[in-house]
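Asks: With the sequence up front, the predicted model follows.
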Amino acid sequence: MNRPEVPEPGGEEREEIELEPPDGLREVAGRLESSGYEAWAVGGAVRDALMGDERADWDLATDARPDDVQRIFPRTAPIGVEHGTVGVIRDDEMYEVTTFRRDVESDGRHAVVEFAARIDADLSRRDFTINAMAWRPATKELRDPFDGRLDLEQRILRAVGEPAERFREDHLRVLRGLRFAGRYDMRIDDETREALGAAARLTEGLSAERVREELMKVLGDRTPSTALRLYAEFGVLRVWYPELAETYGGHPRREQYFRAVDEISRERKIVRLARWMVPLGERWDTRSDDAKSLLDRLKFSNDDSQRVLHLLENYRPLVGPMDSSAQIREWLARVGTDSMRDVFRLHLAGARSVGAEEKKRYLKATWRRVHEEAQEDPPLTASDLAVSGEDILELGVEEGPLVGVLLKELLSRVVEDPRLNEREELMSLARRLVEEEQLDEFESWGTEGDAGDGEGTAPPPGPGLGGPPRGGEPPEPAPGFGGSDDGTDGGSASDA
């Protein structure tokens, strides 16, 4: 394995600098130094500190072996002893302390390492120069054998040593490189760029979990669109996100779509993920199919997948400020009060991405109507009804799907008129439905999904009730709100 050459000790000018690590890290480093070992802060903490960014997780590298670290500190956790890493616990905070290492061999996913005696050997195995710096709290010395600080100042992303070799050693470095270039708005060094482009296909051998983790880190950055553009440019979308490759590779509105992701708070990564997927399909009823395929491939948790799919499935239609209270309640029953804000965030991000002031005013007016209606705490789910499945059974209805069908019909009527939500009123209505056999037209709902559990939401609204025509496309946007060609995703009551 070819490693970059590093300076011999004593042959380079020493640079001192003051950084501000946590007190706990200083204490751990001081204890190692007083025990006769070197202790260096390494990696992203040093990089971010030099840029003036706060960072919570500081790690240490040392020439002490794992058993030495465990002997020196009374409270440790063996979080990766076989790779040289021990967690040292101070004041309920854990600091990772790793013995200097060098790579012996790698298959692109896993490396075989051995312990090293010098910090420079450890730094030579790092991916990029901006990550190959170390700072020694005891002496304030900054160790920078590959000029990472200069690259950081000049906003250049450069691999340590031979770029192609670095990417062959660890294929994840392709995604890490795109993330760093995006996060810090860096120009990628020509040699590194060429090697990175050639190595993009190697990412197909990575685990889905590692790819997903990188994506979520990108979505947590200030402007994720920069790295996501690089995903498209370097072919990562074709490998891991083929559903998005065409849209973000050459769609005429791709820049608007990218900017829309930035317009959502970095604290809402799952909502950003949903916004990134909004352009997956022009049809409202196929967008979620492509999204599910993507989410399954990256092995997102069921909770996260369901949340994204729910947002995409309910992205359209949207109610409008002139809709009736009943229409707005029907929309709330379908979307849920827990998700209503996120759906509006998706639409507002689209409007902001193109500076559509009229659309933003329209959405804000719509939000006021929706918020006012939600504040009334109307009954929106079967569990909000004044009757339960047991009450329906008292009417002589056999236990089974028909109970759920009845509850859904009752909920539909209560959503339209919340004053009906009284036990006696609903029992009387249910009795009439059973006696008059008025269930035929909606009895099929009982065979769809979990209708028989009595805990569903209102039946899908039909034409004129804030929902798409059953079995068809969403209504066309109203005049004045553009439709799909203006990049604002429409703006009428049904398509805002």
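Replies: Noted; the coordinates are in hand.
Asks: Quick check: longest helix in this protein by residues?
Replies: Secondary structure of the chain per DSSP state H: the longest helix is helix 357-375.
Asks: Identify each buried residue in it, please.
Replies: Neighbour-count burial for helix 357-375, counted by 16 or more other CB atoms under 10 Å, picks out 359, 360, 362, 363, 366, 367, 369, 370, 373, 374. For glycine as for every other residue, the C-beta is placed from the backbone atoms N, C-alpha and C.
Asks: Give the closest residue to the fifth one in space, chain neighbours not counted.
Replies: Distance criterion CB to CB, 6 or more residues apart in numbering; nearest residue to residue 366, sequence neighbours excluded, is residue 321 at 4.8 Å.
Asks: Any idea how many residues pack against that neighbour?
Replies: By other CB atoms under 10 Å, 17 other residues sit near residue 321.
Asks: check contacts around it.
Replies: 362, 365, 366, 368, 369, 493 (CB atoms under 8 Å, 6 or more residues apart in numbering).
Asks: quick revisit: including pLDDT and distance to residue 65, could the buried residues of helix 357-375 go into CSV?
Replies: As requested, the buried residues of helix 357-375 are exported to CSV (pLDDT from 0 to 100; distance: CB to CB, whole Å):
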residue, pLDDT, distance to residue 65
359, 96, 62
360, 96, 60
362, 97, 65
363, 97, 60
366, 97, 63
367, 97, 60
369, 97, 66
370, 97, 61
373, 96, 65
374, 97, 60
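Asks: Can you show me the strands along this protein?
Replies: Under the criterion DSSP state E, strands of the chain are mapped to 15-16, 39-42, 59-62, 76-80, 85-90, 93-99, 101-106, 111-115, 134-136, 141-143, 156-157, 187-188.
Asks: same for the fourth one, what does it pack against?
Replies: Yep, that's strand 76-80 we're talking about. helix 66-72, strand 85-90, strand 93-99 (3 or more CB pairs under 8 Å, 6 or more residues apart in numbering; DSSP states H and E).
Asks: Output these in a markdown table, with mean pLDDT, mean neighbour count and distance to residue 341 appended to each entry.
Replies: As requested, the helices and strands packed on strand 76-80 are arranged in a markdown table below (pLDDT from 0 to 100; neighbours: other CB atoms under 10 Å; distance: least, CB to CB, whole Å):
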| stretch | mean pLDDT | mean neighbour count | distance to residue 341 |
| --- | --- | --- | --- |
| helix 66-72 | 96 | 18 | 47 |
| strand 85-90 | 95 | 20 | 38 |
| strand 93-99 | 95 | 21 | 34 |
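Asks: In terms of pLDDT, where does residue 433 sit?
Replies: Here the pLDDT value assigned to residue 433 is 89.
Asks: doesn't residue 409 make contact with it?
Replies: Yes. Residue 433 lies in contact with residue 409 (CB atoms under 8 Å); the separation is 6.6 Å.
Asks: and the gap between residue 262 and residue 352?
Replies: Residue 262 sits 9 Å away from residue 352, going by CB to CB, to the nearest Å.
Asks: can you list the domains in this protein?
Replies: 15-151, 382-453 (automatic domain parsing).
Asks: how about a markdown table for these, with distance to residue 173 added?
Replies: Shown next, in a markdown table, are the domains of the chain (distance: least, CB to CB, whole Å):
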| stretch | distance to residue 173 |
| --- | --- |
| domain 15-151 | 5 |
| domain 382-453 | 44 |
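Asks: Highest mean neighbour count out of the ones you listed?
Replies: When the domains of the chain are scored by mean count of other CB atoms under 10 Å, the highest mean neighbour count falls to domain 15-151 (a mean of 18).
Asks: tell me how far the ends of it are from each other?
Replies: 16 Å (CA to CA, to the nearest Å).
Asks: ditto for stretch 130-146
Replies: This stretch, stretch 130-146, spans 9 Å end to end (CA to CA).
Asks: what ranges of this structure fall below the confidence cut-off?
Replies: Low-confidence regions of the chain, defined here as pLDDT under 70, cover residues 1-13, 56, 104-113, 281-285, 437-496.
Asks: Show me the one of the domains of the chain that comes nearest residue 297.
Replies: Residue 297 lies closest to domain 15-151 among the domains of the chain, at 17.6 Å (CB to CB).
Asks: quick one: that closest one to chain centroid distance?
Replies: 28 Å (CA atoms, centre = their mean, to the nearest Å).
Asks: and what of stretch 204-221?
Replies: Using CA atoms, centre = their mean, the offset of stretch 204-221 from its chain centre is 9 Å.
Asks: Take it, keep the C-alpha atoms, and write them as CSV.
Replies: Below are the C-alpha coordinates for stretch 204-221, written out as CSV (Å, rounded to 0.1, in the frame of the first residue of the first chain):
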residue,chain,number,x,y,z
GLU,A,204,-21.9,0.8,-5.4
GLY,A,205,-20.0,-1.6,-3.1
LEU,A,206,-20.6,0.4,0.0
SER,A,207,-23.2,-0.6,2.6
ALA,A,208,-26.5,1.2,2.4
GLU,A,209,-26.1,2.3,6.0
ARG,A,210,-22.9,4.2,5.3
VAL,A,211,-24.4,5.8,2.2
ARG,A,212,-27.5,6.9,4.1
GLU,A,213,-25.4,8.3,6.9
GLU,A,214,-23.4,10.4,4.5
LEU,A,215,-26.6,11.7,2.9
MET,A,216,-28.1,12.7,6.3
LYS,A,217,-24.9,14.6,7.1
VAL,A,218,-25.2,16.5,3.8
LEU,A,219,-28.8,17.3,4.6
GLY,A,220,-27.7,18.7,8.0
ASP,A,221,-25.3,21.2,6.4
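Asks: which of the residues in that stretch are buried?
Replies: Applying a neighbour-count criterion of 16+ other CB under 10 Å, one finds 206, 211, 212, 214, 215, 216, 217, 218, 219, 221 buried in stretch 204-221.
Asks: Columns distance to residue 311 on top of those, output as JSON lines?
Replies: Formatted as JSON lines, the buried residues of stretch 204-221 follow (distance: CB to CB, whole Å):
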{"residue": "206", "distance to residue 311": "27"}
{"residue": "211", "distance to residue 311": "22"}
{"residue": "212", "distance to residue 311": "18"}
{"residue": "214", "distance to residue 311": "22"}
{"residue": "215", "distance to residue 311": "17"}
{"residue": "216", "distance to residue 311": "16"}
{"residue": "217", "distance to residue 311": "21"}
{"residue": "218", "distance to residue 311": "19"}
{"residue": "219", "distance to residue 311": "14"}
{"residue": "221", "distance to residue 311": "21"}
